[in-house]
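generate a structure from the sequence data that follows.
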Amino acid sequence: METGLYFDEYTEDWSYSSDPLKVTDEMIGTFVDLCKFTSPTFTDRSYADKQYSGRMAPGIFVLSLAEGIVLNAGLTRRRGIFLMELQPKFLKPVYAGDSITNNVTLENKRPTSKPDRGVVVTNHSVKNQKGEVVISYLSTRMIRTREFVEAD
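Numbers count the residues shown, from 1 in each chain. You can find the predicted model right below:
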């Protein structure tokens, strides 16, 4: 999607379902190193294999991937003003080798006092390859309306 949706284009029946994204061991390792997640749950593979049946991805990493899916799809490209709030619920672990999808629907929307923007709340259901919901979250974003005029 070259440009995202305007505030006005979010309708009650709007939805988006992403293609699957595979979560690799390398991706988890890079995130864990970068963000200093030093718990053996994430760094000690033999411990993770014994305790959790494999290398688990930190929930915040999976949430970041889910948001990346939305950005990569272009849903807010050139229309999103800023991310106001995320309200995640972490329901099931994601392991190296799992694939996730992000299924998005409109929760609600409201205009602001400025006619060139509105607030859009979307409901996200992040599922693994088995169809199990691993994270559900609400995302609140300020989105441009068609009245928005870009600066030259």
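
for Tyr16, list each beta-bridge partner.
Tyr16 has these beta-bridge partners by DSSP bridges: Val104.

list the contacts for it?
Val70, Ala73, Leu75, Asn102, Asn103, Val104 (Cβ atoms under 8 Å, 6 or more residues apart in numbering). Backbone N, C-alpha and C define where each C-beta goes, glycine included.

which of these ranks first by neighbour count?
Asn102 (24 neighbours; other Cβ atoms under 10 Å).

including distance to Val119 and pLDDT, could the contacts of Tyr16 go into TSV?
Shown next, in TSV, are these (distance: Cβ to Cβ, whole Å; pLDDT from 0 to 100):
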residue	distance to Val119	pLDDT
Val70	16	95
Ala73	20	96
Leu75	15	95
Asn102	20	98
Asn103	21	98
Val104	16	98
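
name the nearest of those relative to Asp25.
Distance to Asp25 across the contacts of Tyr16 (Cβ to Cβ) is lowest for Asn102, with 21.1 Å.

that closest one reaches Ile69, doesn't it?
Yes - here Asn102 reaches Ile69: they are 4.5 Å apart, a contact under Cβ atoms under 8 Å.

tell me where the model's unsure across the protein.
Where the chain drops to pLDDT under 70, the residues are 149, 151-152.

the strands in it, which residues?
15-17, 21-22, 56-57, 80-90, 94-95, 99-111, 117-128, 133-144 (DSSP state E).

and the angle from the fourth one to strand 133-144?
Using axes from the mean of the first three to the mean of the last three Cα atoms, to 10 degrees, the inter-axis angle of strand 80-90 relative to strand 133-144 is 160 degrees.

can you pull the buried residues of strand 80-90?
Under the neighbour-count criterion of 16 or more other Cβ atoms under 10 Å, strand 80-90 has Gly80, Ile81, Pro88, Phe90 buried.

what's opposite the last one in the beta bridge?
What that stands for is Phe90. Ile135.

what do you get for the first one?
Legend: beta-bridge partners of Gly80 under DSSP bridges are Ile143.

hmm, back to that, identify the contacts common to Asn102 and Ile69.
Common neighbours of Asn102 and Ile69 (Cβ under 8 Å, 6+ apart) are Ser18.
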